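Asker: Build me a model:
(one chain, ligands or ions: 1)
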Amino acid sequence: MPITYNEQSREFHLYNDQISYLIKILANEQLGQLYFGKRIPERADHDYLVENKYRPVTSYVFDDEYSFSLGNLKQEYPSYGTTDPRHPAFTIQQPNGSKITDFKYVSHTIYAGKKALVGLPATYVEDKAEATTLEVTLYDEVIEVYMYLKYTIFEKHAAIARSVSFKNVGQAEHKLQAALSLNLDLPDDDYEWLQFSGAWGRERHLHKSHLRPGIQAIDSARGASSHMQNPFVILKRPYTTEEMGEALGISLVYSGNFLARAEVDEYAVTRLQIGLNPFQFSWCLKPNEIFQTPEAILAYSDAGLNDLSQTFHRLFTTRLARGYWRERKRPILINNWEATYFDFTEEKLLAIAKSAKKLGIELFVLDDGWFGKRTKENAGLGDWYVNHERLKDGITGLAKKIHDMGLMFGLWFEPEMVNKDSDLYRKHPDYIIETPRRHASHGRKQYVLDFSRKEVVDNIYEQMVKILDEGEIDYIKWDMNRNITECYSNAYPADQQGEIMHRYMLGVYDLYERLLTRFPKILFESCASGGGRFDAGMLYYAPQAWTSDDTDAIERLKIQYGTSFGYPQSMMGAHVSASPNEQLGRITPLKIRGDVAFFGAFGYELDLATLSPAEMTEVKKQVAFMKKYREIFQYGTFYRLKSPFEGNIVSWMVVSQDKNQALVGYYKILNDVNCEFRRLRLPGLAATKNYHVSEENGTDLGDFTGSELANIGLVTTDASAGENRETTDFYGKIFILEKRDN
Ligand code: GLA
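Answerer: Got it, this is the predicted structure:
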């Protein structure tokens with residue numbers, strides 16, 4: 001059993017080959033945190049790690065004992081208000097207004113496997129032997145509430161999944177005002193904090209700063225995980241690089257409001273937390289009710305950031321993503337949005353599909369505008385039935401025509417939204433989220449449906465099922481194009497209004513779950529004005545997500561590079577779009593647009609009919625190239641090599657599971673002249689294997705061992721090393737490494 005409990009020391013040791021996590025039941029019966037990091041051996045006790053100094057200006061818990069202060073102790077799931085003045089992991093307000101709690105250890109269970117979280121996305125196992133779970137039960141006898149701290153350690157991943165639930169067994173009603181998923185008190189503060197922040201069109205850029213005394217945090221209060229912040233944070237040692245050193249990451253498996261926070265106290269202890277954002281949150285814990293937090297994943301590496309990311313990638317692709325499409329090659333798609341916007345006819349769509357088929361593309365996706373009165377953005381959302389004026393044979397007819405061409409057929413929905421100009425709104429004006437007697441703000445003329453209400457989710461489910469039953473749909477792009485404002489639900493009383501943001505997410509998850517259960521073979525791609533809800537929660541339902549509305553290859557370098565820290569490349573929707581680019585007008589060669597998009601769920605988003613014959617030939621080649629190497633591009637082990645946040649040259653690579661093949665993406669943003677002799681060290685290969693290296697245009701670069709490529713490096717110097725002007729701005733290429741028989 002990789003979780004042991006020592007009755008003498010009252011310590012739990014969660015371990016696998018790579019990591020250890022130590023918990024102790026403290027003298028006051030609460031749980032203390034002793035250690036998280038690289039695997040350590042068993043030992044009779046770790047009492048030497050429990051701080052017991054009497055410090056000035058401190059407080060103490062026991063009457064005759066001056067040395068026990070929660071403020072000086074590292075804890076598992078701390079409360080505020082006795083002797084710990086730091087930010088707590090939870091807050092429960094009681095009927096008398098008090099927020100003081102005292103949860104004491106009652107019992108624990110250790111079992112093989114992992115239980116599902118009802119109504120919430122979470123990692124899972126397929127065989128009980130893959131993981132072991134510890135559930136510790138604590139109880140506060142004054143308020144009659146149980147707390148269950150849950151930890152699952154995976155056998156093959158350097159990761160622990162954590163969540164917490166509360167059960168009210170008394171008669172009084174309590175109010176949860178905070179309930180985070182993970183708290184980790186670390187013994188020092190010598191860490192850099194890496195966050196992935198941005199805005200629409202420039203999501204998940206890497207930002208790094210050293211921890212400092214006090215609080216540093218990121219959050220979202222928008223009703224979605226957001227473009228601006230991402231529920232994923234890394235703490236790394238200052239010396240840690242991509243290839244070496246210690247780092248740990250926390251990821252919240254959730255798509256709504258969140259908080260990730262580090263608080264460095266006066267003794268340089270770092271309290272790291274992630275969970276539901278307590279800001280504007282509250283939850284009535286009624287008698288006999290249970291509240292379950294989302295799950296958080298904690299991962300560790302002592303071998304650098306690439307290794308840490310790969311742990312998240314492996315865990316997420318194999319044990320968070322689910323179902324039919326989990327590890328299947330993703331179809332190469334053409335999406336009509338940037339080709340036509342709302343201005344399409346069936347003829348136009350079929351023409352795009354026909355050219356797509358000729359080029360080897362596999363999936364045609366009809367984006368916004370096929371339903372209700374949706375010919376522009378002010379109408380139609382909420383009316384999920386086909387507009388027969390635009391598509392005379394309906395979705396069924398169009399899907400059939402597309403299928404007859406030998407293509408798969410995909411469709412766009414924005415299930416959570418409604419326009420006021422829609423039949424749904426006219427019939428159910430109370431279905432939107434708005435505050436009584438207050439102005440209701442719109443975004444793109446659309447309003448958010450109140451998914452905290454089951455009847456609203458049911459309505460949309462039934463409408464969608466009708467279309468999906470008829471149309472033989474292979475793929476759904478599930479969009480969500482605005483955030484929640486004036487949050488209020490007509491269906492809940494005053495004291496439950498703090499629940500709506502979370503209940504909304506539960507409604508979204510419920511709709512996803514019901515659709516997936518009924519249509520298990522549909523491939524879902526999540527989207528929120530690009531990457532506004534790109535998180536581990538969504539991955540549980542939709543194995544791919546539209547990474548950003550910004551399809552410019554140069555911008556995508558930063559977006560995909562930043563995203564790769566926490567998420568696998570198979571999740572990243574990446575399309576070749578037109579040049580000049582729609583979002584920023586930049587003109588880039590078709591080549592680099594393909595070379596960047598290959599490292600993801602690949603597709604096209606442009607009017608194929610406007611391509612020149614030369615471009616058509618190039619697209620055909622790209623599609624064929626992607627098909628040849630798709631498995632490695634999408635599921636290979638991903639390495640970041642050169643950062644777009646640090647220089648003009650950017651590079652990343654993927655290596656096949658057996659290490660017999662690898663593909664290196666190499667990008668030079670601006671051209672240079674008479675430059676240095678460049679080498680790029682390639683990790684991840686087998687040292688003794690011999691690799692043949694070539695470029696995708698056929699240029700042969702010779703044979704090298706994995707050891708040479710890792711230590712000497714691959715020579716990447718191009719024509720710009722001399723006076724030759726063969727290279728241009730926005731230059732990209734792919735190096736192909738294939739194992740040769742020695
Ligand atoms: C959002 C999406 C786009 C497209 C449009 C359609 O902006 O991110 O890809 O689907 O909506 O309205």
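Asker: alpha carbons only for contacts and neighbour counts from here, please
Answerer: Will do.
Asker: Mind telling me which residue is nearest the centre of this protein?
Answerer: The centre of the chain sits closest to Asp535, judged by CA atoms, centre = their mean, with a distance of 2.5 Å.
Asker: Can you name the residues bridging to the residue in the stretch 601-742 of the chain that the ligand sits nearest to?
Answerer: Going by CA to the nearest ligand atom, the ligand is nearest to Glu605 of the stretch 601-742 of the chain, at 9.1 Å. Under DSSP bridges, the beta-bridge partners of Glu605 are Ser577.
Asker: if we can go back for a sec, residue contacts, the residue nearest to the centre of the chain?
Answerer: Residues near Asp535 by CA atoms under 8 Å, 6 or more residues apart in numbering: Ser225, Asn230, Pro231, Leu252, Val253, Tyr254, Ser255.
Asker: which non-adjacent residue is nearest the residue in the stretch 251-400 of the chain that the ligand sits nearest to?
Answerer: Closest contact between the stretch 251-400 of the chain and the ligand, by CA to the nearest ligand atom, is at Asp368 (4.8 Å). Spatial nearest neighbour of Asp368, chain neighbours left out: Trp412 (5.8 Å); criterion: CA to CA, 6 or more residues apart in numbering.
Asker: ditto for Glu631
Answerer: Closest residue in space to Glu631, ignoring its immediate chain neighbours: Lys329 at 6.3 Å, by CA to CA, 6+ apart.
Asker: thought that neighbour was touching Ile632?
Answerer: No. Taking CA atoms under 8 Å as the definition, Lys329 is not a contact partner of Ile632, at 9.8 Å.
Asker: Tell me which of those two has more neighbours.
Answerer: Each of Lys329 and Ile632 has its neighbours counted (other CA atoms under 10 Å); Ile632 has more, 22 against 16.
Asker: That one: what secondary structure?
Answerer: Using DSSP: H, G, I helix; E, B strand; the rest coil, the structure places Ile632 in helix.
Asker: do you know how far it is from Asn660?
Answerer: Going from Ile632 to Asn660 by CA to CA, to the nearest Å gives 10 Å.
Asker: again, but for Lys357
Answerer: Relative to Asn660, Lys357 is positioned 31 Å away (criterion: CA to CA).
Asker: ditto for Ile433
Answerer: Distance, Ile433 to Asn660, by CA to CA: 54 Å.
Asker: higher neighbour count, those two?
Answerer: Ile433 (24 against 16).
Asker: What residues does the closest residue to the ligand within the chain make contact with?
Answerer: Per CA to the nearest ligand atom, Ser529 is where the chain lies closest to the ligand, at 3.5 Å. The neighbours of Ser529, taking CA under 8 Å, 6+ apart as the test, are Trp200, Asp479, Met480, Asn481, Arg482, Ser548, Asp549.
Asker: Could you dump these into TSV with secondary structure added?
Answerer: Shown next, in TSV, are the contacts of Ser529 (three-state DSSP):
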residue	secondary structure
Trp200	coil
Asp479	coil
Met480	coil
Asn481	coil
Arg482	coil
Ser548	coil
Asp549	coil
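Asker: Name the residues of the stretch 301-450 of the chain found near the ligand, please.
Answerer: Within reach of the ligand by CA under 6 Å from any ligand atom, the stretch 301-450 of the chain has these residues: Asp367, Asp368.
Asker: Please, where are all the strands along the stretch 301-450 of the chain?
Answerer: 333-335, 363-366, 408-413, 417-419, 446-448 (DSSP state E, counting those that start in this stretch).
Asker: For those, give me JSON lines that also has mean neighbour count and mean pLDDT.
Answerer: Formatted as JSON lines, the strands of the stretch 301-450 of the chain follow (neighbours: other CA atoms under 10 Å; pLDDT from 0 to 100):
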{"stretch": "strand 333-335", "mean neighbour count": "26", "mean pLDDT": "97"}
{"stretch": "strand 363-366", "mean neighbour count": "26", "mean pLDDT": "98"}
{"stretch": "strand 408-413", "mean neighbour count": "23", "mean pLDDT": "98"}
{"stretch": "strand 417-419", "mean neighbour count": "24", "mean pLDDT": "98"}
{"stretch": "strand 446-448", "mean neighbour count": "25", "mean pLDDT": "98"}
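Asker: His575 is nearest to which of those?
Answerer: Evaluated over the strands of the stretch 301-450 of the chain, closeness to His575 peaks at strand 333-335, with 8.4 Å, by CA to CA.
Asker: other SSEs contacting that closest one?
Answerer: Where contact means 3 or more CA pairs under 8 Å, 6 or more residues apart in numbering; DSSP states H and E, strand 333-335 is packed against strand 363-366, strand 601-605.
Asker: can you give me the helices for the stretch 551-700 of the chain?
Answerer: 553-564, 590-597, 613-635 (DSSP state H, counting those that start in this stretch).
Asker: and these as CSV, adding distance to Leu276?
Answerer: Shown next, in CSV, are those (distance: least, CA to CA, whole Å):
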stretch, distance to Leu276
helix 553-564, 21
helix 590-597, 33
helix 613-635, 31
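Asker: Tell me, domain by domain, which residues of the protein belong where.
Answerer: Domains of the chain are assigned by automatic domain parsing as 3-319, 642-740.
Asker: Just give me the neighbour total for Gln216.
Answerer: Look at Gln216: counted by other CA under 10 Å, it has 14 neighbours.
Asker: The closest residue to it other than its chain neighbours and Leu22: what is the separation?
Answerer: In this structure, Gln216 finds its nearest non-sequential neighbour in Ala262, 5.4 Å apart by CA to CA, 6+ apart. Here Ala262 is placed at a distance of 20 Å from Leu22 (CA to CA).
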